[in-house]
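Q: Test case, fold it:
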Amino acid sequence: MHRLCLLFLVLGALSSCKRDALPMPQPPVGGGAKGRWSLVACEGNYTQGNASLHAFSATSTGALSDAFRAANARGLGDVVQSLWHRSGEVWAVVNNSGRLEVMHDSTFASLHTISGLGSPRYLIPVSATKAYVTDLYANRVHVVSLTQYAKVGQIPLSGWCEQMAVLGGKVWVCNYARTHLYGIDPITDAVTDSISLGTAWALEVVVRDNRLWVATRPPFGSGGTARLMEVDVQSRTATTRFTFPESKALKSLQCTPQADTLFALSGANSLVRVVGTPAHYLGHRFLGRQLVWAGIRPHIENPLGGRCPRLCATRSNRALQPKRTSRQSHFRGVHSFQFYLLHTPMRVVAEIAHPQAHISIFSFNQKYLIKIERGPLEQTYKISQLDYLVPDLETVKHLAQERFLPLALEVFQKMEEGFGKAMEDY
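A: Reported below is the predicted structural model:
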C-alpha cells in the first residue's frame, strides 16, 4: 500500500463524541511503507463530467493519470471540490455531481458512493463515526456517517457554506453570503452560536494559537478589500488584523502544524505570510503565473512551507492557463490563485569533499540545508525557497563552496577555541 500526501486539507477522524474530547483534527497515518503518493484532483470542465484524480509517486518519477477511472472504468464525476484522507480511504467531494466518492487509498478502487448531497464543498470529521459536509446551494450542512457511508441528517444553515474548523468544542462554518461565522454543536448537530465579522464574508478558516483566523472578502459590489481576521471564540470577538488593498479575497489560507506561520495567496499573485505572537505581516512576495496556477485547490497534509516545484514541473506551460480558457487546460486541473505547501522528507541531495571540511546538502520542506562539518563541530545554514530565488541545486552547491565555506572556516576557529575551553577539565 502507498502512503498518501494529499494536496488538499487533510483532517483526521476524531476519536470521541464527547464535547470535552473534541480535538483539533490531526493528519492521518498513511497506509503503508512502500512509498508515498501525492494526489492532485482536477475539477474538470463544469457540466462535462470529466473530473479526475492523478497520483504522483513522491519517491520516483512514476504517475497514475486519471487513477480513479483506470481503477473503476468510470469517471470520478463533475467538478471535484476537495479530498479527505483517513487510513485506507480517500474521500472525494464531487461538487456538481452531488456526491461523495470513497475509494481505496492505494488501488483507488471505488468502495462507496454517497449521493443526494446537493452541491457539496468540504468535509470535516467531527467524531470517529460522523462528518459534516458543507454545501453551495442547499442552505444546510449535511451529516454523513463514516461507518454507514450514508447521509444521516442535515443542519439548516442559510447561505453558501464553505470551509470549517474545530475549536472550543464547536465546528465553525464559513458562510460566503453572510457576515457571520456559525458554530455547530457536534453532539446535537445544531447551530448554537454565531460570531459577527462586521461587513465581511468568511471564505476560509484555520486555527492558530487557539484562535480562528479567517480569510474574508467584502460583499459583492461593496468596494472593500480582503481582510485577515482573528476571532476569539471565548469572547466572541472578531478583529481585523491585516487588510490587503491589492486583493478582493485571500485564497488557500494555510497554517503550519507548529502554528508559527500563516500563508495565503492574494489576488495579486503574491504569497502572504503572517508570523509571530502577536502576529505581524511580513509583506507579500510576487510568485508569477506558473507557480500560482499550478493546480486545483491544493490544501494538504502537514503544510510546512514550499511551493511543490516537482508537481509544478509535471504540467506544461500550455496547461498553465487561467480556468475556462480551454478544455485542455481546465481538464488538466488549472485553477488560478491556489498554491501548494508540501511536506517532504529530508534527504541528502549532494556531498562535497573539501580538505578543510565536509559539506552535505539536504533538501527538506522546500528548504536547502547546508551542513558543514569539521571534527566534532558542525554548522548548518538553511536556505528557504520561499525567501530566496535559488533556481537549482547547482546554485546551492556554488553558494556552499564559494560563500558559506569561507565564512564557516572563520567561525570554526572560534568554535574550536570555545570547545577547548569548555572541555579543558575533562
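Q: Report how far apart the opening and closing residues of stretch 142-150 are.
A: Taking CA to CA, to the nearest Å, the span from the opening residue of stretch 142-150 to its closing residue is 10 Å.
Q: Enumerate the positions of that stretch that are buried.
A: For stretch 142-150, a neighbour-count test (16 or more other CB atoms under 10 Å) marks 142-144, 146 as buried. Yep, even glycine has a C-beta here, placed from its N, CA and C like the rest.
Q: Tell me which of the residues you listed fall in strands.
A: Using DSSP state E, the subset of the buried residues of stretch 142-150 located in strands is 142-144.
Q: For residue 240, state which of those residues is nearest.
A: residue 142 (31.4 Å; CB to CB).
Q: Is it correct that that closest one is in contact with residue 119?
A: No - judged on CB atoms under 8 Å, residue 142 makes no contact with residue 119 at a distance of 10.6 Å.
Q: Mind giving me the packing neighbours of the helix or strand containing residue 413?
A: In this structure, residue 413 sits in helix 405-422 according to DSSP states H and E. Here helix 405-422 touches strand 357-364, strand 367-374, strand 377-384, going by 3 or more CB pairs under 8 Å, 6 or more residues apart in numbering; DSSP states H and E.
Q: partners of the first one, with directions?
A: Yep, that's strand 357-364 we're talking about. Strand pairing for strand 357-364, determined by DSSP bridges: strand 347-354 (antiparallel), strand 367-374 (antiparallel).
Q: what does it rub up against?
A: 344-353, 368-374, 393, 396-397, 400-401, 405, 408-409, 412 (CB atoms under 8 Å, 6 or more residues apart in numbering).
Q: Separate out the buried members of these.
A: Among the contacts of strand 357-364, those classed as buried by 16+ other CB under 10 Å are 344, 350, 368-372, 374, 396-397, 400, 405, 408, 412.
Q: now those residues in JSON lines, with distance to residue 159 and pLDDT?
A: Shown next, in JSON lines, are those (distance: CB to CB, whole Å; pLDDT from 0 to 100):
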{"residue": "344", "distance to residue 159": "38", "pLDDT": "50"}
{"residue": "350", "distance to residue 159": "53", "pLDDT": "90"}
{"residue": "368", "distance to residue 159": "45", "pLDDT": "86"}
{"residue": "369", "distance to residue 159": "46", "pLDDT": "92"}
{"residue": "370", "distance to residue 159": "51", "pLDDT": "95"}
{"residue": "371", "distance to residue 159": "52", "pLDDT": "95"}
{"residue": "372", "distance to residue 159": "56", "pLDDT": "96"}
{"residue": "374", "distance to residue 159": "63", "pLDDT": "94"}
{"residue": "396", "distance to residue 159": "49", "pLDDT": "91"}
{"residue": "397", "distance to residue 159": "54", "pLDDT": "93"}
{"residue": "400", "distance to residue 159": "54", "pLDDT": "95"}
{"residue": "405", "distance to residue 159": "59", "pLDDT": "96"}
{"residue": "408", "distance to residue 159": "58", "pLDDT": "95"}
{"residue": "412", "distance to residue 159": "62", "pLDDT": "95"}
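Q: Run a quick neighbour tally on residue 135.
A: Residue 135: 23 surrounding residues under other CB atoms under 10 Å.
Q: For the remainder of this discussion, apply numbering that starts at 38.
A: Taking 38 as the first residue, the last one we looked at is residue 172.
Q: If it is in a bridge, with which residues?
A: The residues that residue 172 bridges to, once DSSP bridges is applied, are residue 157.
Q: sec struct for residue 435, please.
A: Three-state call for residue 435 (DSSP: H, G, I helix; E, B strand; the rest coil): helix.
Q: What does the pLDDT read for it?
A: pLDDT recorded at residue 435 is 93.
Q: you'd agree residue 155 is in a helix?
A: No - counting by three-state DSSP, residue 155 falls outside a helix, being coil.
Q: got a pLDDT number for the residue nearest to it when sequence neighbours are not counted?
A: Spatial nearest neighbour of residue 155, chain neighbours left out: residue 175 (3.6 Å); criterion: CB to CB, 6 or more residues apart in numbering. pLDDT, residue 175: 90.
Q: hang on, residue 175 packs against residue 153?
A: No - counting by CB under 8 Å, residue 153 is not a contact partner of residue 175; they are 10.2 Å apart.
Q: neighbour-wise, which of the two wins?
A: Applying other CB under 10 Å to residue 175 and residue 153 shows that residue 175 carries more neighbours, namely 19 against 9.
Q: Quickly list what the nearest residue to residue 248 once chain neighbours are set aside is bridged to.
A: In this structure, residue 248 finds its nearest non-sequential neighbour in residue 267, 5.3 Å apart by CB to CB, 6+ apart. Beta bridges link residue 267 to residue 250, residue 276 when assigned by DSSP bridges.
Q: ok, residue 267 to residue 413 distance?
A: Residue 267 sits 46 Å away from residue 413, going by CB to CB, to the nearest Å.
Q: who has more neighbours, those two?
A: For residue 267 and residue 413, the more surrounded residue by other CB under 10 Å is residue 267, and the numbers stand at 19 against 9.
Q: That one and residue 316: what is the separation?
A: With distances taken as CB to CB, residue 267 is found 7 Å from residue 316.
Q: now swap in residue 91 and tell me
A: Distance from residue 91 to residue 316, by CB to CB: 36 Å.
Q: Give me the more crowded residue out of these two.
A: Each of residue 91 and residue 316 has its neighbours counted (other CB under 10 Å); residue 91 has more, 22 against 17.
Q: got the phi/psi numbers for that one?
A: phi -120, psi 140 (degrees, to the nearest 10).
Q: anything in contact with each of residue 267 and residue 316?
A: residue 278.
Q: Just confirm residue 286 contacts residue 257, I think it does.
A: No - counting by CB under 8 Å, residue 286 stays clear of residue 257, with 10.9 Å between them.
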